[in-house]
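*Asks:* Sequence below, structure please.
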Amino acid sequence: MDAKQVAENNTKTFIHYRVFFRARYYYPVFTLLFLDFGLSLSQFAILNSIWALTIVLFEIPLGGLADTIGRRKIVIFSAILLNLELLVWLFAPINGGDTLFYFFLVNRILSGLCEAASSGADEALAYDALEKANLKNKWSEVLEKTQRYTSLYFIFVLLIGASVYDPTIVTYLYNLFGGIGTISQEDTLKFPLILNQLAALYVLYKSFQFKEHWEQNQSIQNALRSSGIKIVQSVNWIKKTLIVIALLLILTFSESLILQFLTLMQQYWKVIDIPIFYYGIIGSTLALFASIIPSLGKFLYGRLNLKTNFTLCYASLLIAYALIALSIPYYGILPAILLYCTYQLVIYLNSVYLNQYCLEDNRATILSIQSMLSFSKYGIVSILYSFLVTAISNQQLNTNLNQIFKLSLVAFPTYFLVTTLSVYFLARNSFYKTS
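*Replies:* Residues are numbered from 1 along each chain as shown. All right, here's what the predicted structure looks like:
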């Protein structure tokens, strides 16, 4: 294959790989899936903190390996991990007590490794191939296609994933085609996982189709040492750049709490009386809302300054959390939409401002540090949430899961307000001392 053919092959493979890797059939029922297997809310939170910690520990080392032994090997490794994490999940025993927890522990570690390994390696394979073929100008077109196809497939996945999990819908279809009897929730529990396993096999197949001519320029040990030196240099630069510190704090403290709520979102739909069938429709609607947020972000970036933009975002988040804590039946979906859309806006604005103030030679490392900070904070928040629900359960012995979850929602606006004010005063004092 010549350079042009390799570029065409890798870009097509990249689109297929990214679309089927990112969209998961279990996303619309993610929280319910864990809880219906037999885990408690505190166990769910602990497992998510372990997942985040795994990503934090291995993202940069695996990135160094990709730059040393080749991106294609890391992409294949990531696809293998994806299949393994789903297999462990499929064979996990329902209501299996401690055994169930250990199955999910292995699943979360494999999932974290998978996420860390897939971080940018597939993208680098496509971009490098275009660069070698003198077709770098095609990259924006490739990204546009990837985002469009991912969004369309995501809508399909969310609808199907929620539908096959809903025993009412599955029972109706089963009877429609001649079956007799009723399908239970336990029967449908693993249906989204089976569909995702099939998609994961396709991802593994596509990973082997990437082409790469790789010459190893340095040892793995030297690559990891170079990554460590780069991190230290970037941290020293951050210490001298207060605006970047502020941006890192803004995203770290806002994103970690938002991610905690998003991982619990399906349980929230349950307590505000939304039927399972609508989970996929809601997820698709949120994806459509997210697609128009960059246009709003571009408008705000051009019209307002940094302080005003993030003040508006934080005020919006506080309002959303306060309304979510009320758990209003049906209408409680509105503050959740506000929270999700504001989150997308925060990500957009933070990315624009951070790339504006970072230097070219440390931009990638700064972004990696930002990711590590966010996932570290998310892990801490998950552990704190597990302590909270355990305390509520111990105090309210006869309280069911939905009531415990409702009580725990009050902590979200409280924690957000306290941490926001703390970071604000800390940042203000730091600015005054250096001015």
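
*Asks:* For the stretch 1-150 of the chain, give me the ranges with low pLDDT.
*Replies:* 64, 67, 119-120 (pLDDT under 70).

*Asks:* can you rerun that using 50?
*Replies:* Within the stretch 1-150 of the chain, no stretch has pLDDT under 50.

*Asks:* And the helices in it, which stretches?
*Replies:* With DSSP state H, counting those that start in this stretch, the ranges of helices along the stretch 1-150 of the chain come out as 3-22, 30-37, 41-69, 71-90, 98-118, 121-132, 139-165.

*Asks:* Tell me the first helix or strand C-terminal of the helix or strand where Leu257 lies.
*Replies:* In the assignment (DSSP states H and E), Leu257 maps to helix 242-263. Downstream of helix 242-263, the first helix or strand assigned by DSSP H and E is helix 265-271.

*Asks:* which outside residues touch that next one?
*Replies:* Outside helix 265-271, the residues that touch it by Cβ atoms under 8 Å, 6 or more residues apart in numbering are 28-32, 35, 41, 261, 278-279, 282, 324, 327, 332-333, 336, 401-402, 405-406, 409. (Glycine included, C-beta is placed from N, CA and C.)

*Asks:* And for stretch 326-333?
*Replies:* Applying Cβ under 8 Å, 6+ apart, the contact partners of stretch 326-333 are Tyr268, Trp269, Val271, Ile272, Asp273, Ile274, Ile282, Leu323, Ile324, Lys406, Leu409.

*Asks:* so how far is Asp122 from the closest residue in space to Tyr17 that isn't next to it in sequence?
*Replies:* Distances taken as Cβ to Cβ, 6 or more residues apart in numbering place Lys206 nearest to Tyr17, at 4.6 Å, with adjacent residues excluded. Computed as Cβ to Cβ, to the nearest Å, the Lys206 to Asp122 distance reads 9 Å.

*Asks:* Mind checking which of these two has more residues around it?
*Replies:* Asp122 (27 against 22; other Cβ atoms under 10 Å).

*Asks:* buried residues in stretch 297-316?
*Replies:* Gly297, Leu300, Tyr301, Leu306, Asn309, Phe310, Cys313, Tyr314, Ser316 (16 or more other Cβ atoms under 10 Å).

*Asks:* what does stretch 17-25 give?
*Replies:* Going by neighbour count (16+ other Cβ under 10 Å), the buried part of stretch 17-25 is Tyr17, Arg18, Val19, Phe20, Phe21, Ala23, Arg24, Tyr25.

*Asks:* Flag every buried residue along stretch 190-200.
*Replies:* Residues Lys190, Phe191, Pro192, Leu193, Leu195, Asn196, Gln197, Ala199, Ala200 are the ones in stretch 190-200 that count as buried (16+ other Cβ under 10 Å).

*Asks:* Stretch 74-81 now?
*Replies:* Under the neighbour-count criterion of 16+ other Cβ under 10 Å, stretch 74-81 has Ile74, Val75, Ile76, Phe77, Ser78, Ala79, Ile80, Leu81 buried.

*Asks:* hmm, who's touching that stretch?
*Replies:* By Cβ under 8 Å, 6+ apart, the list of residues contacting stretch 74-81 reads 17, 21, 62, 65-66, 110-111, 113-114, 117-118, 121-122, 125, 200, 203-204, 206-208, 210.

*Asks:* circling back: what's the closest of the contacts of stretch 326-333 to Ile369?
*Replies:* Closest approach to Ile369 among these (Cβ to Cβ): Ile324, at 30.2 Å.

*Asks:* That closest one is in contact with Ile337, isn't it?
*Replies:* No - between Ile324 and Ile337 there is no contact under Cβ atoms under 8 Å: 10.6 Å.

*Asks:* quick one: which of these two has more around it?
*Replies:* Higher neighbour count among Ile324 and Ile337: Ile324, with 24 against 14, using other Cβ under 10 Å.

*Asks:* The more buried one and Ala133, how far apart?
*Replies:* Note on Ile324: its distance to Ala133, by Cβ to Cβ, is 49 Å.

*Asks:* Roughly how far does the residue sitting nearest the centre point of the chain sit from Phe14?
*Replies:* Residue closest to the average C-alpha location in the chain (Cα atoms, centre = their mean): Leu259, at 7.6 Å. Look at Leu259 and Phe14: by Cβ to Cβ, they are 26 Å apart.

*Asks:* can you check Glu255 too?
*Replies:* Using Cβ to Cβ, Glu255 is found at 26 Å from Phe14.

*Asks:* need the contact list for Arg108.
*Replies:* The contact partners of Arg108, taken as Cβ under 8 Å, 6+ apart, are Leu47, Asn48, Ile50, Trp51, Thr54.

*Asks:* Let me have these in a markdown table, extended by neighbour count and distance to Ser184.
*Replies:* Putting the contacts of Arg108 into a markdown table (neighbours: other Cβ atoms under 10 Å; distance: Cβ to Cβ, whole Å) gives the following:
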| residue | neighbour count | distance to Ser184 |
| --- | --- | --- |
| Leu47 | 22 | 25 |
| Asn48 | 25 | 27 |
| Ile50 | 18 | 30 |
| Trp51 | 25 | 29 |
| Thr54 | 21 | 33 |
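
*Asks:* per-residue confidence for Leu306?
*Replies:* pLDDT, Leu306: 86.

*Asks:* again, but for the one 4 residues further on
*Replies:* In the predicted model, Phe310 carries a pLDDT score of 89.

*Asks:* Isn't it up against Leu249?
*Replies:* No - shown here, Phe310 and Leu249 do not form a contact pair, counting by Cβ under 8 Å, at 10.5 Å.
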